[in-house]
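sequence first, predicted coordinates after that:
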Amino acid sequence: MELVGFIARTLSIKNLDNKDLFIIQTVLILIAPAVMAAACYMAFGRIALWILPPKYQAMRHLWLPARRITPIFVTFDILSFFVQGIGGSMIAAADTADKANSGKNVILIGLGIQLFTFGFFVIASVRLTVLLRTKLRNEALPRDTNWPFLLQVINAASVTILIRSIYRFLEYVIGVHNTLSDNEVYFYCLDCLLIFIAVVAFVVVHPGQCLPYMRLRRKGLEFSKNAGRGLFNSFARGRPQDAVLLRSSAGSP
């Protein structure tokens, strides 16, 4: 989706009067990061379900039931996706200032939903990190893969997407035409580059390399047949004997 958006953006450079190309690049580049956000939500939810003992999967430890993490966050992400898509289409197709402002307001609602959702997601992620370093420090957690590295990748990708969402939100709060939107250096540094980093991070450490399949009834671990394969498999595999969060020397058994 992001790739198609940038292809349309490249083509529109020499076709400034082509409204279709402008609509495609505006909408797709705007909403594509919501799909990446969904990847963060799903991978995080699966980590919580897999590594946490059942007694730690309740709301009082995660602030959300472990089995509800992915459905709740993805639902809000889909809502944000469609709202931003509608707003982006309205701005791209606007032929008057009033229509453009209406589209801007719709986008702001979508970005606001995304920011709220991501903000809460960061809190849940921090909560899990604290839990792993305190109450679960001496628990026998899974060592099949280097899932702690994946958790760090999810957190890093979340930060990049959050910064990008804040930039986009400010861009539309200021107005349709402003310093942020009229100078492409901001776009390439605060949108394009950040999303590229998030994509590369998940290419290098793909969740499928670190996480087993999750079914409603877990009878045993079952990893993808491609786990342990590929150019970057060493990042995901790591050193299984060390694939637990680092413990302080004082707390190590």
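Perfect, thanks for sending it.

how many residues are close by the nearest residue in space to Ile197 that is not next to it in sequence?
Distances taken as Cβ to Cβ, 6 or more residues apart in numbering place Thr160 nearest to Ile197, at 5.3 Å, with adjacent residues excluded. Heads up, the C-betas are built off the backbone N, CA and C, glycines and all. Using other Cβ atoms under 10 Å, Thr160 is surrounded by 20 other residues.

also the one 3 residues further on?
When neighbours are counted by other Cβ under 10 Å, Ile163 registers 13.

same thing with the one 4 residues further on?
Taking other Cβ under 10 Å as the neighbour definition, Tyr167 ends up with a count of 17.

all helices for this protein, in order.
Along the chain, counting by DSSP state H, helices occupy 2-12, 19-51, 59-62, 69-93, 97-133, 147-174, 179-182, 184-187, 193-204, 207-210, 233-237.

make CSV from the ones you listed and add mean pLDDT and distance to Leu141 to it.
As requested, the helices of the chain are exported to CSV (pLDDT from 0 to 100; distance: least, Cβ to Cβ, whole Å):
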stretch, mean pLDDT, distance to Leu141
helix 2-12, 88, 34
helix 19-51, 87, 5
helix 59-62, 78, 14
helix 69-93, 87, 18
helix 97-133, 86, 8
helix 147-174, 88, 8
helix 179-182, 80, 43
helix 184-187, 89, 41
helix 193-204, 91, 22
helix 207-210, 83, 13
helix 233-237, 67, 17
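
among the ones you listed, which comes closest to Ala140?
Nearest of these to Ala140, taken as Cβ to Cβ: helix 19-51 at 10.5 Å.

chain center to the closest one: distance?
Remark: helix 19-51 is offset 6 Å from the chain centroid, using Cα atoms, centre = their mean, to the nearest Å.

buried residues in that helix?
Of all the residues in helix 19-51, those buried under the rule 16 or more other Cβ atoms under 10 Å are 21-34, 36-51.

repeat for stretch 148-161
Buried residues in stretch 148-161, counted by 16+ other Cβ under 10 Å: Pro148, Phe149, Leu150, Leu151, Val153, Ile154, Asn155, Ala157, Ser158, Val159, Thr160, Ile161.

what sits against Ile69?
Counting by Cβ atoms under 8 Å, 6 or more residues apart in numbering, Ile69 touches Tyr41, Phe44, Gly45, Ala48, Leu62, Ala124.

distance of it relative to Asn138?
24 Å (Cβ to Cβ, to the nearest Å).

Ala66 is in contact with Arg60, isn't it?
No: in this structure, Ala66 is not within contact of Arg60 by Cβ atoms under 8 Å, at 11.8 Å.

more crowded one of those two?
Using other Cβ under 10 Å as the criterion, Ala66 and Arg60 rank with Ala66 on top: 22 against 6.

quick check: closest non-adjacent residue to that one.
Gln57 (3.6 Å).

can you pull the contacts of the one you found?
Going by Cβ under 8 Å, 6+ apart, the list of residues near Gln57 reads Ala48, Leu49, Pro65, Ala66, Arg67.

for Pro65, same thing?
Gln57, Ala58, Met59.

which one of those is nearest to Gly208?
Distance to Gly208, by Cβ to Cβ, is smallest for Gln57 among the contacts of Pro65, at 22.1 Å.

now do that closest one against Leu49, distance only.
Shown here: Gln57 relative to Leu49, a distance of 7 Å by Cβ to Cβ.

quickly list what's touching both of those two.
Contact criterion Cβ under 8 Å, 6+ apart; residues shared by Gln57 and Leu49: Ala66, Arg67.

give me the residue at the spatial middle of the chain.
Central residue of the chain (Cα atoms, centre = their mean): Ala37, 2.4 Å from the mean position.

hang on, isn't that one packed against Thr160?
No: the criterion here is Cβ under 8 Å, and Ala37 misses it with Thr160 at 10.5 Å.

contact partners for Gly103?
Gly87, Gly88, Ser89, Met90, Ile91, Ala92, Ala94.
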